[in-house]
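Undergrad: Task: produce atomic coordinates for the following.
(2 chains)
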Amino acid sequence: NAGVTQTPKFRVLKTGQSMTLLCAQDMNHEYMYWYRQDPGMGLRLIHYSVGEGTTAKGEVPDGYNVSRLKKQNFLLGLESAAPSQTSVYFCASSGQGAIDTQYFGPGTRLTVL
Amino acid sequence: AQSVTQLGSHVSVSEGALVLLRCNYSSSVPPYLFWYVQYPNQGLQLLLKYTTGATLVKGINGFEAEFKKSETSFHLTKPSAHMSDAAEYFCAPDSGGGADGLTFGKGTHLIIQP
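TA: Below you'll find the model as predicted:
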């Protein structure tokens, strides 16, 4: 049981480049989340999904897109990376939304030059 | 919308001393409340949570927290700090308003002095 995995672990991009972060969970959870963590800011919700084929905006969605084509996967895309998107990105999943424990992946450290 | 305040971005205690990390939330409607811990270079993991019922909640590694509705607080305590408790701690009430996520506090970095 791997839990929540994230690919890649590290990435360096140049401004304007695009990339996709992949999150996978093997716990059959309905809910999945993407957060970004910046020093002194805690975690801020980017987008989330309440089930396969659904997505919704969180607190800081601008500049990001997401897709949940399969229940076990949640993809986060950056179409045109900016230095302000330099951050550590965490994916999480839970069985029953806000009332349930969220299980976090190990994170992806992204630097945009 | 929910907001959460963690007093003190850094808290330093001696090994064996009491740990107290403070958390206050804004909603007048009692939320679900969580404390998560993040060890260096790792993701977050659940310490404890309050949903309904008993207001004193026990978690892993000897931590506990008490939900006080009148004070809108959910402070985290541990009677005796251990070196392995050094980590970042996040208080997180549910976001409320129909949203399906958590609102995380800015975090408190716990430093344990030998």
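
Undergrad: Hmm, A:Lys57 and A:Asp47 touching each other?
TA: I think there's a mix-up here, since residue A:47 is His and not Asp. Yes. With contact defined as Cβ atoms under 8 Å, A:His47 counts as touching A:Lys57 (6.0 Å). Quick note: C-beta positions are derived from backbone N, CA and C, even for glycine.

Undergrad: When the two are compared, which one has more neighbours?
TA: A direct count of neighbours by other Cβ atoms under 10 Å in any protein chain shown for A:His47 and A:Lys57 places A:His47 higher, at 24 against 14.

Undergrad: Is that one in a helix, a strand, or coil?
TA: Assigned by DSSP: H, G, I helix; E, B strand; the rest coil, the conformation of A:His47 is strand.

Undergrad: For it, which non-adjacent residue is closest in space?
TA: Counting by Cβ to Cβ, 6 or more residues apart in numbering or on different chains, A:His47 lies nearest to A:Val66, which is 4.2 Å off, once chain neighbours are set aside.

Undergrad: burial count for residue 5?
TA: Unless you meant another one, I'm taking chain A. Counted by other Cβ under 10 Å, the residues lying close to A:Thr5 total 14.

Undergrad: That was the other one, I meant chain B.
TA: 14.

Undergrad: On the three-state scheme, it is what?
TA: strand.

Undergrad: wait, what's in contact with it?
TA: By Cβ atoms under 8 Å, 6 or more residues apart in numbering or on different chains, the residues touching B:Thr5 are B:23-25, B:105.

Undergrad: Over to A:Pro8?
TA: A:21, A:108 are the contacts of A:Pro8 under Cβ under 8 Å, 6+ apart.

Undergrad: Next: B:Leu7.
TA: B:22-24, B:108 are the contacts of B:Leu7 under Cβ under 8 Å, 6+ apart.

Undergrad: From the residues you listed, pick the one nearest A:Gly97.
TA: Relative to A:Gly97, the closest of the contacts of B:Leu7 is B:Cys23; by Cβ to Cβ it sits at 21.0 Å.

Undergrad: re earlier: out of the contacts of B:Thr5, who's nearest chain A?
TA: Within the contacts of B:Thr5, the smallest distance to chain A is 5.5 Å, found for B:Gly105 (Cβ to the nearest Cβ).

Undergrad: Bridged to the residue lying closest to the closest one once chain neighbours are set aside, which residues?
TA: Excluding the flanking residues, the one nearest B:Gly105 by Cβ to Cβ, 6+ apart is B:Gln6, at 3.9 Å. Here B:Gln6 shows beta-bridge partners B:Cys23, assigned using DSSP bridges.

Undergrad: For burial, what's the neighbour tally of B:Gln6?
TA: Neighbours of B:Gln6 (other Cβ under 10 Å): 21.

Undergrad: Could you tell me the per-residue confidence at it?
TA: Reported pLDDT at B:Gln6 in the predicted model: 95.

Undergrad: List the contacts of it.
TA: B:21-23, B:89-91, B:105-108 are the contacts of B:Gln6 under Cβ under 8 Å, 6+ apart.
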